[in-house]
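Peer 1: one predicted model, sequence on top.
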Amino acid sequence: MDAANLAALPMRIGLGQFSDPSDEQLRFVKQCGVDDFLLNTPELPGDQRWEFQDLIQLRQRADEFGLRLMSLENTPVSFYDKIMLGLPGRDEQLEHMCQTVRNMGRAGIPILGYHFMPAGVWRTSRSTPVRGGAQATSFKMDLVRDAPLHAGREYSEAEMWDNYDWYLERVLPVAEESNVRLALHPDDPPVESLAGIPRLFRNFDNFRRAMERFDSPCHGLDFCHGCWSEMRAGAGVLEALEHFGRAGKIHYVHLRDVVGGVEDFTECWIGEGNSNIPAVLQTLREVGFRGFMIPDHVPHMEGDTPWCHRGRAYTVGYIRGLMASSRVD
């Protein structure tokens, strides 16, 4: 899908956070009235990069179901762990990552979501009860302050910025040549450091640095509303949407929320967290956002599947109702 066609689409709901697009999964997406989806760390052959033939097959499967495959969110960490940590072997990983981006462009998959978290996403519970006994994830920093070092030693923030800059200086020109947008996800949780590794993308100033230093139409945000809500217990979310939205830096949105702040939070039903979700949607509309929003994480309902079909259907309906009632389009 080219940039002109993307720009012509309205703000809309998508679905995602699954890795294997089964027929059942794709039918469910369409039955929810959704046309756009993303795959999170898709299950593809290759232990170093994704090949064109596999990517075009994914795209064609989406086409067969009348869907748009908008983004592949996250390559396996093993594709670029040496890049993130500045280790020997990063040049070879860079070569493979650049080829992955080229192959995505040739296959017509327009967005690669990425993060810069060598130690990954952390939660301290995946069964915290929320409304009606549904189960959600939560995080308590006090439980992990003494976690073992992820990479065998402590890294400084300056080292992590050097590694990030080294990578973006080399991969972004390839994304521009390939017409692929890179969408940066926040660190989750966005605490200062975990397991000896600083979490760069934990606040507004660090995101602004990354977007200004690597300013390109092909570089923007996977604006994870839940992570931004975690950062300051809901404060500053609308201001961040305003700033990055008006700059054209929001490629797509994870629309979820939490109760609590960065060191102690619980994911929750949308509409019951830190943020005013109608105001979030209105701000996105006012800044001219024309991308897609996915529910991202949702609570696990009674009788639900591991992917939380019921929770996602509820959340899609909630967002669709808000959009219709406020004429957000």
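Peer 2: Yep, that arrived. Residues are numbered from 1 along each chain as shown.
Peer 1: pLDDT weak spots in the protein?
Peer 2: Judged by pLDDT under 70, the chain has its weakly predicted residues at 1-4, 327-329.
Peer 1: other SSEs contacting the longest helix along it?
Peer 2: Determined from DSSP state H, the single longest helix within the chain is helix 157-178. Where contact means 3 or more Cβ pairs under 8 Å, 6 or more residues apart in numbering; DSSP states H and E, helix 157-178 is packed against helix 81-85, helix 90-107, strand 181-184, strand 197-198, helix 204-213, strand 219-224. C-beta here means a position set from N, CA and C on the backbone, and glycine is covered the same way.
Peer 1: ok, 10 Å please
Peer 2: Identification of packing neighbours for helix 157-178 by 3 or more Cβ pairs under 10 Å, 6 or more residues apart in numbering; DSSP states H and E yields helix 81-85, helix 90-107, strand 111-114, strand 181-184, strand 197-198, helix 204-213, strand 219-224.
Peer 1: chain center to the longest one: distance?
Peer 2: Relative to its parent chain, helix 90-107 has a centroid offset of 19 Å by Cα atoms, centre = their mean, to the nearest Å.
Peer 1: what does the last one give?
Peer 2: With Cα atoms, centre = their mean as the basis, strand 219-224 stands 7 Å off its chain's centre.
Peer 1: enumerate every residue touching the spatially closest residue to residue 211 that is not a sequence neighbour.
Peer 2: In this structure, residue 211 finds its nearest non-sequential neighbour in residue 249, 5.3 Å apart by Cβ to Cβ, 6 or more residues apart in numbering. By Cβ atoms under 10 Å, 6 or more residues apart in numbering, residue 249 lies in contact with 183-184, 207-208, 210-212, 215-217, 219-221, 223, 243.
Peer 1: make a ChimeraX selection of the buried ones in these.
Peer 2: With 16 or more other Cβ atoms under 10 Å as the criterion, this ChimeraX line picks the buried residues out of those:
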select :183,184,207,210,211,219,220,221,223,243
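Peer 1: so which of the contacts of residue 249 is the closest to residue 155?
Peer 2: Residue 155 lies nearest to residue 210 out of these, by Cβ to Cβ, at 17.4 Å.
Peer 1: leaving out chain neighbours, which residue sits closest to the closest one?
Peer 2: Distances taken as Cβ to Cβ, 6+ apart put residue 184 closest to residue 210, at 6.5 Å, once the chain neighbours are dropped.
Peer 1: was I right about that neighbour contacting residue 113?
Peer 2: Yes - between residue 184 and residue 113 there is a contact at 8.1 Å, judged by Cβ atoms under 10 Å.
Peer 1: tell me, what's touching the two both at once?
Peer 2: With Cβ under 10 Å, 6+ apart as the test, residue 184 and residue 113 both reach 221, 222, 224, 251.
Peer 1: wait, isn't the first one in contact with residue 204?
Peer 2: No - between residue 221 and residue 204 there is no contact, the gap being 11.5 Å when judged by Cβ under 10 Å.
Peer 1: what ranges do the helices span in this protein?
Peer 2: Listed in chain order, the helices of the chain (DSSP H) span residues 3-8, 23-31, 52-64, 81-85, 90-107, 157-178, 204-213, 225-231, 237-246, 277-286, 309-325.
Peer 1: returning to what we had before: to residue 136, which of the helices and strands packed on helix 157-178 lies closest?
Peer 2: The closest of the helices and strands packed on helix 157-178 to residue 136 is strand 219-224. By Cβ to Cβ, the value is 15.8 Å.
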